[in-house]
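>>> what would the 3D arrangement of this be:
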Amino acid sequence: MEKREIGAWGERKAASYLRLHGYKIVCMNYSCRQGEIDVIAENRKYIVFVEVKLRKTSDHGEAREFVTYSKQRRIITAAQLYLQQHESEKQPRFDVIEIYAPNGAKGFGVKLNHIENAFEV
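Numbering: from 1, shown residues only. Below is the predicted model:
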């Protein structure tokens with residue numbers, strides 16, 4: 001399985017997790033010139049812009065550490081554009097979902113960590 005397919009698998013896994021925890025998936029892979037947002041979801045209070053980070057292990061650092069300041073700025077700018085196009089009364093929030101899959105997309109041994117409000121505007 002190539003890198004893009006594994007990334008898409010991780011994003012689907014994150015979306016399934018969010019659904020199980022009461023979120024409605026609004027959009028997957030929102031893309032604009034300024035950047036991309038992996039998952040956009042909402043619950044009763046928030047519209048959540050989610051960055052999914054998939055790694056085999058945390059041996060070389062936690063997955064969340066790869067959401068750099070410049071990556072955060074691109075996500076925020078893309079989210080602002082999304083909100084201009086799709087008005088919402090809900091409070092925006094930026095989350096990171098770390099997925100550790102030591103066996104890749106085979107599905108066993110997967111650990112998921114949802115970090116709410118991982119960064120702010």
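>>> could you report the neighbour count for S31?
10 (other C-beta atoms under 10 Å). Every residue, glycine included, has its C-beta placed from N, CA and C.
>>> list phi and psi for it.
With angles defined as degrees, to the nearest 10, S31 sits at phi -130, psi 140.
>>> shaky segments in the chain?
Residues of the chain meeting the criterion pLDDT under 70: 1, 57-60, 104-107.
>>> which parts of the helix or strand L81 falls within count as buried, going by neighbours?
Assigned by DSSP states H and E, L81 belongs to helix 69-85. With burial defined by 16 or more other C-beta atoms under 10 Å, the residues of helix 69-85 counted as buried are Q72, R74, I75, I76, A78, A79, L81, Y82.
>>> now for the helix or strand following that helix, which elements pack on it?
As assigned by DSSP H and E, the chain's next helix or strand after helix 69-85 is strand 91-100. Strand 91-100 sits against helix 3-20, strand 46-55, helix 69-85, strand 111-119, with contacts defined as 3 or more C-beta pairs under 8 Å, 6 or more residues apart in numbering; DSSP states H and E.
>>> now the angle from the third one to strand 46-55?
Angle of helix 69-85 versus strand 46-55, following axes from the mean of the first three to the mean of the last three C-alpha atoms, to 10 degrees, is 140 degrees.
>>> how big is the angle separating helix 69-85 from strand 111-119?
Using the same axes, to 10 degrees: helix 69-85 against strand 111-119 is 80 degrees.
>>> what's the neighbour count on C32?
That count, for C32 with other C-beta under 10 Å as the rule, works out to 15.
>>> show me the contacts for it.
A78, L81, Y82 (C-beta atoms under 8 Å, 6 or more residues apart in numbering).
>>> of all those, which comes closest to V26?
Nearest to V26 among the contacts of C32 is Y82, at 9.2 Å by C-beta to C-beta.
>>> I'd like to know how far that closest one sits from K56.
31 Å (C-beta to C-beta, to the nearest Å).
>>> kindly report the same for T77.
30 Å.
>>> ok, now which ones touch the residue nearest to N43 when sequence neighbours are not counted?
In space, and not counting its chain neighbours, N43 is closest to Y23: 5.2 Å by C-beta to C-beta, 6 or more residues apart in numbering. Y23 is in contact with A41, E42, N43, V48, counting by C-beta under 8 Å, 6+ apart.
>>> alright, I will stop here.
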